[in-house]
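A.B. asks: missing the sequence, but the structure's below:
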DNA sequence: AGAGTTTGTTCGTCTCCCGAACTAACCGAC
DNA sequence: GTCGGTTAGTTCGGGAGACGAACAAACTCT
């Protein structure tokens, strides 16, 4: 790629549109004047941009609020309650699930169905997802809310095409074009025009945990600090059937969907048997049956190799580690500290079962937020 | 930080100024029309921006070239031969050095002085740099070229202030404000108005090796592919007295200056003694005395932990590993492949002694290239 | 009720880029 | 040599988008 860094007048406006939308989502309810103050744009410019977002069905003017000081109260801008939703789906070794996520960060119609998929194969998995997707589409249609996209979280390594699952040890898959399989199922339930992509579940959970909070939606705080702003560089470790590690910069995952490669690094030669066929993998050595101190050392050692050279502002334990005990955390922190990452930077995320689904649904909306001008409620 | 994504009209122009400058530097000599074609800006806009860069002393119009087809030949735009230079300095355990780097990527006035600094301490190191810096300033003044900045490469971990060396095992330093020490020395040789920063040497070498080539300056190709465009995500391993690993995105180093933390991960319990006081560190286990197969396995194992979850497009062996033999590389490749990074992605950089200095000098110019409008030949 | 304050809108102006038209410079053909 | 064809660079009008001042609206406090 060449230095095509040109910004045309139209792109400038689209960029500002995105900036205004993001600001409203993060601070809703918020007045136009406040948006202007936070973004640095003038009130007149913000008014114009907001009008376009109201027109596009992304925001709603909820009328005047109560005045902040002594003066005219601003209008409360909020995400449109009838605005677009993202559809998040998830495949695990013991079930499938899904939920809707809207621009306010609220989840809805969450589902989980127990299905033994560890040996059933990708075709069965795609078929198991179909009823979940149908329910979600019905729920969206019932609320008269357009679906902006579908993102499927898989416990595996996903290719750059965001369709092929390169390997998913816990499911026994390798080189499966799961996106294509799912697209067929999606068509049968009337989800054809909707963009669909397959992603690594840990990456999505990391994005959900590391993203700045939206509005007043209750949200477990892992990476994000109390004022809602994420620190610059965060390393997130999580996963359920797998164990993965993700680098986030300003809340956005860097690099590809191969987080779970981390779980199959060798933590202990000749250790416990792993789903991948080898022994002593990080994933196996941090299982529920392993003594916490030993598991903590196994995770901390591998984690240090990844995190230490990146000098992260925070290391966040999520997923299966969010509920870990003090002994485990101390062991992890000690290994990190031994390699230059201060133990104070180690944080435990609040355990929240829906994090991966929330990340998947949110990811389905991210394109829309990045370029609201392109959004048309098809 | 809030969503201050506003782009004012003035900032837009400054951005385009930077885009045009980068394009010229990468493809010099190049005509205005070609710049327009590559950037997507119109010829009229490019003409205006180029005029500003010519006026600022960053570019020079070297007259008409030979016509590309049948038509009027374009004017050859090149970096101004009397344009600003960056001053790169380097501290190592066995000496200090420095060189000038200009916008064309050419190095000049390169120096190296052997000084035993492994035990001499930071004050002695700062004093040893002074004559090098004086020579460089004289060389710059002799060519009537303004100095845009000074960057010092150190084999250690550097703080976010880009001044404090948090730890430098090979030098025996810890928590030394080397930037402050150097600033004092710099003043005595008349380098006071010039911005000075301290950086991790491996990070700078990675930037030099991963950056898109500039003009026709001969440059060893490590990360960059043959057409000069760097692949998206690159993991670089290098170092001389230390061993560090750096993540590059589009040729630009991600994250902080703690690359050499990598070299003190434990590769082999109870292994060779390391400068940091522990045993079996990656840095110690990849020394020149270690059998290549064993060193390769030591490096590969640690490298896999860092690289596998990032799914890089390329893994580049630089620095002390650039001259490694086939046996070593095979061992590294095998370890990477075991963890999902195909061995074909492992590349060996061309050994080039000046890479770190070139990176340091280039880094001293990077601010100028990113915002040429702010440059004033003080 | 009136002064003071803050919000949101309107309107004129400015900056910057685009695109068309024009001049300049070179090639090849006759 | 001269005349079309082609490409490079500049000039100039026009338009898009943001800014800033001015104004109307809405609320508080005295």
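C.D. replies: It's in. Values in this document were obtained by computation on a predicted structure and should not be read as measured data.

A.B. asks: any idea of the mean pLDDT for stretch A:142-160?
C.D. replies: Stretch A:142-160 shows a mean pLDDT of 95.

A.B. asks: quickly find the element holding residue A:350.
C.D. replies: Using DSSP states H and E, residue A:350 sits in no helix or strand.

A.B. asks: so what's it scoring on pLDDT?
C.D. replies: At residue A:350, pLDDT is 85.

A.B. asks: quick check: it touching residue A:321?
C.D. replies: No. Counting by Cβ atoms under 8 Å, residue A:350 does not reach residue A:321; the two are 11.9 Å apart. C-beta coordinates here come from the backbone N, C-alpha and C atoms, glycine included.

A.B. asks: which one's more surrounded, these two?
C.D. replies: Neighbour comparison, residue A:350 and residue A:321: the larger count goes to residue A:321, with 22 against 14 (by other Cβ atoms under 10 Å in any protein chain shown).

A.B. asks: what's opposite the closest residue to that one other than its chain neighbours in the beta bridge?
C.D. replies: The shortest distance from residue A:321 to any non-neighbouring residue, by Cβ to Cβ, 6 or more residues apart in numbering or on different chains, is to residue A:237 (6.1 Å). In this structure, residue A:237 bridges to residue A:245, residue A:317 when assessed by DSSP bridges.

A.B. asks: check contacts around residue A:237.
C.D. replies: A:243-246, A:262, A:299, A:303, A:315-319, A:321 (Cβ atoms under 8 Å, 6 or more residues apart in numbering or on different chains).

A.B. asks: pLDDT weak spots in the stretch 201-350 of chain A?
C.D. replies: For the stretch 201-350 of chain A, the stretches flagged by pLDDT under 70 are A:211-231.

A.B. asks: which residues in it form strands?
C.D. replies: For the stretch 201-350 of chain A, the strands defined by DSSP state E, counting those that start in this stretch occupy A:233-238, A:244-249, A:252-253, A:314-317, A:346-348.

A.B. asks: would you turn the ones you listed into JSON lines with distance to DNA strand D?
C.D. replies: Below are the strands of the stretch 201-350 of chain A laid out as JSON lines (distance: least, Cβ to the nearest atom of the strand, whole Å):
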{"stretch": "strand A:233-238", "distance to DNA strand D": "30"}
{"stretch": "strand A:244-249", "distance to DNA strand D": "26"}
{"stretch": "strand A:252-253", "distance to DNA strand D": "23"}
{"stretch": "strand A:314-317", "distance to DNA strand D": "33"}
{"stretch": "strand A:346-348", "distance to DNA strand D": "37"}
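
A.B. asks: out of the ones you listed, nearest to residue B:173?
C.D. replies: Taking Cβ to Cβ, strand A:233-238 is the member of these nearest to residue B:173, at 24.1 Å.

A.B. asks: what angle do strand A:244-249 and that closest one make with each other?
C.D. replies: If you take axes from the mean of the first three to the mean of the last three Cα atoms, to 10 degrees, strand A:233-238 sits at 160 degrees to strand A:244-249.

A.B. asks: please, where are all the helices along the stretch 101-250 of chain A?
C.D. replies: In the stretch 101-250 of chain A, the segments counted as helices under DSSP state H, counting those that start in this stretch are A:122-142, A:178-188, A:201-210.

A.B. asks: need the winner for burial among those helices.
C.D. replies: helix A:201-210 (a mean of 31; mean count of other Cβ atoms under 10 Å in any protein chain shown).

A.B. asks: which residues does residue A:259 contact?
C.D. replies: By Cβ under 8 Å, 6+ apart, the residues touching residue A:259 are A:200, A:202, A:203, A:206, A:239, A:244, A:245, A:246, B:309.
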